[in-house]
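>>> sharing a model prediction with you, sequence too.
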Amino acid sequence: MQSKQKGEISQITGMYQGFPEPPNSCQIITNFFYDDKTKGWKNFFGYEKYFTGENLYRIGGIGPYPLNGPIHSIFNWASHNGAKQHLLFEQENSLFEVNGSVKKAEEIIQGRDAPQSADPLTCYETMGNYVIIASANNDIIKYRGGNTITNVGWREAAAPPGVRSPASNPNDRAGGYFLFSTEDYIKCQSTGLVSVTSKNYPGVGDKTKDATNKYFYRCTFINENGSESPISQLSDSVTWTTTEFPKDGVNTTSRTGIILSLPMGPAGTVARKVYRTRNDGNTCFFAFTVYDNCTEIVTDYLEDDQLGAEAPNPTDSIPFPSSNPRYAAGFHNRLFIDGGKNEPSKIYYSNALQMDSYAAANYFDIGGRDGGDITGLFSYYNNLFVFRERAIDVIRQDQAGQFIITPFIQGIGCVAHSTIANTPQHGLVFLAEDGIYAIQGNYAGSELKLNKLSKGADYMIEQFSRSGTKKAWAVYWPEKKEYWLNAPDYGDNQINIGIVVHENGGLSVRDKWPMACGTIDYDGNLIFGHQYGNAYQYNDLPAGEEVGNGLMVVSSTRQAGYKVDDALDKSIVDGDPIQTFFRSKWHDFGYGALKKQIHYLYLYAYTTGQQSIDITYYRDGDWHIEAAATNTQTETVLMERADHSDQPNYTTDIKNEYAAVWGSTSAQEPILTEIRIPVAMKQCSTFGFEISTESKLHFIGYSIEYSATGAQTVKGKS
């Protein structure tokens with residue numbers, strides 16, 4: 001008599017598409033998330049509209065989203081411990097912020113060019129009180145909430161101040177070209193020349209009779225984050241000769257206050273600094289600050305020895321050096337940016353604590369190294385990683401405080417900056433041409449190493465669209481403890497497949513999620529922009545076609561967005577639950593050449609009431625075997641205990657004998673059970689099965705009961 005044996009997979013770690021397969025792996029697991037508490041897999045999720053009760057499908061700006069195009073980018077910026085959240089997104093040619101209190105998307109800037117098919121997604125980087133927004137086709141901007149949105153960097157140097165030279169004769173003050181320093185000026189000594197007694201307004205110029213005076217001025221702008229603009233050219237000279245004249249019967253010499261007209265700074269300017277030479281000098285020194293951007297006329301009364309530090313060198317701050325940078329990252333209190341499409345191998349960095357000021361020498365050019373163009377910048381511990389097409393470089397500070405750049409790895413790069421995410425379990429994760437990688441290091445940022453996380457899904461990643469992967473994006477979802485990557489595959493330029501790296505190291509797939517871009521808010525919600533846009537033609541679409549516009553949120557509702565109804569008016573209704581799919585590994589039970597008779601498949605799962613799943617089993621490594629009962633069969637089973645009464649279900653069908661009644665039926669917890677499925681097919685060398693369902697499913701593992709026979713695989717064909 002043959003003895004029965006059992007092969008058991010008590011827990012499933014994730015998918016692995018290769019050979020040999022790890023013991024607890026499967027070939028495909030789609031649209032499940034890993035439940036760390038039960039070490040099982042659940043499909044209790046879907047997606048729905050962000051604003052409850054909104055009408056997504058109105059046309060012409062009536063609904064919460066004024067425009068109809070797909071969402072290009074999205075970012076959530078939280079401040080004040082999450083008390084204030086700025087949910088930003090781009091749609092068509094405008095940047096919006098969500099106003100949750102009135103359920104509207106409010107436009108904060110318009111006239112921006114939408115990304116082209118070959119452009120990366122918009123880069124968002126928080127730095128101080130700002131979020132920096134870099135796009136390949138637009139000026140890089142910084143946003144602080146409200147109406148505070150300005151360009152990053154100074155586009156040009158300040159214009160020089162306008163100056164007025166004093167009249168040669170102090171008594172000739174027509175037109176205001178000569179001012180006394182102060183009323184203290186007339187407090188003369190009884191004999192001889194006077195000395196000015198005011199400490200606040202002593203006056204400019206040499207006190208010696210017939211002395212020649214000559215001065216120049218420069219100025220700069222200061223914005224609200226303290227960045228100083230490039231310094232202006234020298235003004236016209238201010239010249240006069242010190243003269244002697246009688247005042248109240250006493251001879252005295254002329255001193256003056258010099259009248260200046262100051263230029264106005266660009267938007268965001270909050271102050272202007274004025275610099276002046278000493279008498280007959282060429283080097284400027286700090287004179288005073290005007291704390292506004294509206295005063296037109298000021299007067300300088302300072303003596304030479306009251307001037308401050310030397311003025312900045314013209315190379316200390318230059319006009320913004322990059323044309324439409326694509327990537328930005330904050331590192332050591334400086335803003336690092338790339339050179340844009342025109343200079344894709346250059347990296348510029350700002351002065352310390354001044355994100356808008358860039359010195360002429362503050363840049364790197366890595367064009368002479370193999371590895372291709374820059375594809376992303378990301379700060380990680382004590383390193384700034386420069387991701388390139390086929391290489392990764394690292395920027396650090398040396399002991400002298402100077403920035404240096406060194407190669408980290410050659411042959412592996414990042415295809416899309418939006419796939420770079422910092423995860424607590426795996427480190428810095430990103431998508432390369434041949435898979436998903438993680439950079440790991442210690443707290444000091446040294447001892448870096450590179451690990452490949454996607455070995456179990458490399459076949460799928462090989463199918464990613466080479467031209468479309470610049471649109472790929474990923475987030476780390478803390479609620480589910482997973483890195484969720486979304487990308488186009490099979491030559492498409494739209495996102496259509498997702499690969500998830502779970503905290504346990506396992507992999508799974510997300511399929512048919514129309515996500516153009518996504519972000520995580522402070523509360524841990526995954527919010528994404530719908531890639532379809534407003535399907536205003538939905539009345540002409542066939543029944544069942546998905547429609548959508550604006551923002552969606554992943555939730556436990558289990559519906560897949562919204563679709564056209566089958567009614568004559570083609571109204572919009574909730575979409576069907578997301579289809580979930582599981583394919584086991586091929587089991588040869590230790591020796592594939594020996595034939596086995598499979599008796600039962602046991603599924604370890606939690607009860608979910610009147611929810612049914614379809615299980616199809618196969619033999620001998622062929623998932624497409626001819627549909628003969630001896631080769632493959634499908635069973636439909638309920639997620640209930642076979643030897644107990646069915647659990648009650650809350651349902652709209654009140655005639656259902658298992659319908660629960662509010663207020664009287666006791667709530668019941670899901671119960672872990674073993675569901676036995678008879679397998680009726682001929683002997684096999686290997687055995688596998690698939691699960692496909694739209695119902696709720698929470699399963700842990702499975703086992704297979706079999707008996708080995710004396711038969712073996714026949715010899716090969718000849």
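That came through, no problem.
>>> can we go C-alpha only for contacts and neighbour counts from here?
Fine.
>>> for the spatially most central residue of the chain, what are its contacts?
The chain has Tyr124 as the residue nearest its centroid, 5.0 Å off, counting by Cα atoms, centre = their mean. With contacts defined as Cα atoms under 8 Å, 6 or more residues apart in numbering, the neighbours of Tyr124 are 75, 131-134, 328.
>>> again with Trp473
Applying Cα under 8 Å, 6+ apart to Trp473 gives the contacts 416-420, 485-487, 517-518.
>>> for burial, what's the neighbour tally of the closest residue to Gly575 other than its chain neighbours?
Nearest residue to Gly575 in three dimensions, chain neighbours excluded: Tyr562, at 4.4 Å (Cα to Cα, 6 or more residues apart in numbering). Using other Cα atoms under 10 Å, Tyr562 has 20 neighbouring residues.
>>> surely Tyr562 touches Pro577?
No. Look at Tyr562 against Pro577 with Cα atoms under 8 Å: they stay out of range, at 10.4 Å.
>>> give me the element the residue nearest to the centre of the chain is part of.
Using DSSP states H and E, Tyr124 sits within strand 123-127.
>>> whatever helix or strand comes next after that strand - contacts with which helices or strands?
Per DSSP H and E, the first helix or strand lying C-terminal to strand 123-127 is strand 130-134. Judged by 3 or more Cα pairs under 8 Å, 6 or more residues apart in numbering; DSSP states H and E, strand 130-134 is in contact with strand 123-127, strand 141-143.
>>> report the longest strand in the chain, please.
Using DSSP state E, we find that the single longest strand of the chain is strand 698-712.
>>> what lines up beside it in the sheet?
strand 4-9 (antiparallel), strand 40-42 (antiparallel), strand 594-606 (antiparallel) (DSSP bridges).
>>> per-residue confidence averaged over the second one?
Going back to what we said before, that points to strand 40-42. Averaged across strand 40-42, the pLDDT comes to 95.
>>> contacts for that strand next, please.
By Cα under 8 Å, 6+ apart, the surrounding residues in contact with strand 40-42 are 11-12, 32-35, 696-701.
>>> go on, the longest one?
Among residues not part of strand 594-606, those counted as contacts by Cα under 8 Å, 6+ apart are 639, 670-686, 697-713.
>>> which stretches of the stretch 351-500 of the chain aren't confidently modelled?
Applying pLDDT under 70 to the stretch 351-500 of the chain flags the ranges 443-446.
>>> tell me where it has helices.
Ranges of helices in the stretch 351-500 of the chain, per DSSP state H, counting those that start in this stretch, are 458-461.
>>> quick one: the strands in it?
The residue ranges that make up the strands of the stretch 351-500 of the chain, judged by DSSP state E, counting those that start in this stretch, are 363-365, 374-380, 383-388, 391-397, 403-410, 421-423, 427-432, 435-440, 449-452, 473-477, 482-487, 497-502.
>>> the first one pairs with which strands?
Within its sheet, strand 363-365 is paired with strand 343-349 (antiparallel), according to DSSP bridges.
>>> and the partner strand with strand 403-410, angle?
Strand 343-349 runs at 140 degrees relative to strand 403-410, counting by axes from the mean of the first three to the mean of the last three Cα atoms, to 10 degrees.
>>> restricting to C-alpha, output strand 343-349 in PDB.
Taking C-alpha atoms only, strand 343-349 is exported to PDB below (Å, rounded to 0.1, in the frame of the first residue of the first chain):
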ATOM      1  CA  GLU A 343      24.000  70.700 -19.700                       C
ATOM      2  CA  PRO A 344      22.900  67.200 -18.600                       C
ATOM      3  CA  SER A 345      26.300  66.400 -17.100                       C
ATOM      4  CA  LYS A 346      26.700  69.500 -14.800                       C
ATOM      5  CA  ILE A 347      25.800  69.900 -11.200                       C
ATOM      6  CA  TYR A 348      25.500  73.300  -9.600                       C
ATOM      7  CA  TYR A 349      25.200  74.000  -5.900                       C
END
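>>> any idea how far apart the tips of stretch 432-447 sit?
Criterion Cα to Cα, to the nearest Å; first-to-last residue distance in stretch 432-447 is 21 Å.
>>> and the contacts of strand 40-42, which are buried?
Burial by neighbour count, 16 or more other Cα atoms under 10 Å: within those this picks out 11-12, 32-35, 696-701.
>>> against Glu97, how distant is Lys480?
26 Å.
>>> now do His502
Per Cα to Cα, His502 is found 31 Å from Glu97.
>>> got the contact list for the closest residue to Thr423 other than its chain neighbours?
Nearest residue to Thr423, sequence neighbours excluded (Cα to Cα, 6+ apart): Tyr476, at 6.3 Å. By Cα under 8 Å, 6+ apart, Tyr476 lies in contact with 421-423, 482-484, 520.
>>> by mean pLDDT, show me the worst of the strands paired with strand 698-712.
Ranked by mean pLDDT, these end with strand 4-9 at the bottom, a mean of 88.
>>> which other residues reach that one?
Residues from elsewhere that reach strand 4-9 (Cα under 8 Å, 6+ apart): 23-24, 589, 701-708.
>>> got it, and stretch 643-652?
Contacts of stretch 643-652 (Cα under 8 Å, 6+ apart): 609-610, 640, 658-661, 665, 668.
>>> and that stretch, which residues are buried?
Neighbour-count burial for stretch 643-652 flags 646-650 (criterion: 16+ other Cα under 10 Å).
>>> and Gly376, what does it touch?
The contact partners of Gly376, taken as Cα under 8 Å, 6+ apart, are 327-328, 386-388, 414, 416-417.
>>> could you give the bridge partners of it?
Phe387.
>>> ok, Ile527 next?
Thr519, Val553.
>>> wait, what's in contact with it?
Taking Cα under 8 Å, 6+ apart, we find Ile527 in contact with 50, 518-521, 551-554.
>>> got those residues as a markdown table, with pLDDT, neighbour count and distance to Thr269 columns?
Converted to a markdown table, the contacts of Ile527 look like this (pLDDT from 0 to 100; neighbours: other Cα atoms under 10 Å; distance: Cα to Cα, whole Å):
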| residue | pLDDT | neighbour count | distance to Thr269 |
| --- | --- | --- | --- |
| Tyr50 | 90 | 19 | 37 |
| Gly518 | 96 | 26 | 34 |
| Thr519 | 97 | 25 | 32 |
| Ile520 | 96 | 21 | 33 |
| Asp521 | 93 | 18 | 32 |
| Leu551 | 91 | 26 | 35 |
| Met552 | 93 | 21 | 38 |
| Val553 | 95 | 21 | 39 |
| Val554 | 96 | 19 | 42 |
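>>> reformat these as CSV; add distance to Met460.
Output for the contacts of Ile527, formatted as CSV (distance: Cα to Cα, whole Å):
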residue, distance to Met460
Tyr50, 31
Gly518, 22
Thr519, 24
Ile520, 26
Asp521, 29
Leu551, 28
Met552, 26
Val553, 26
Val554, 24
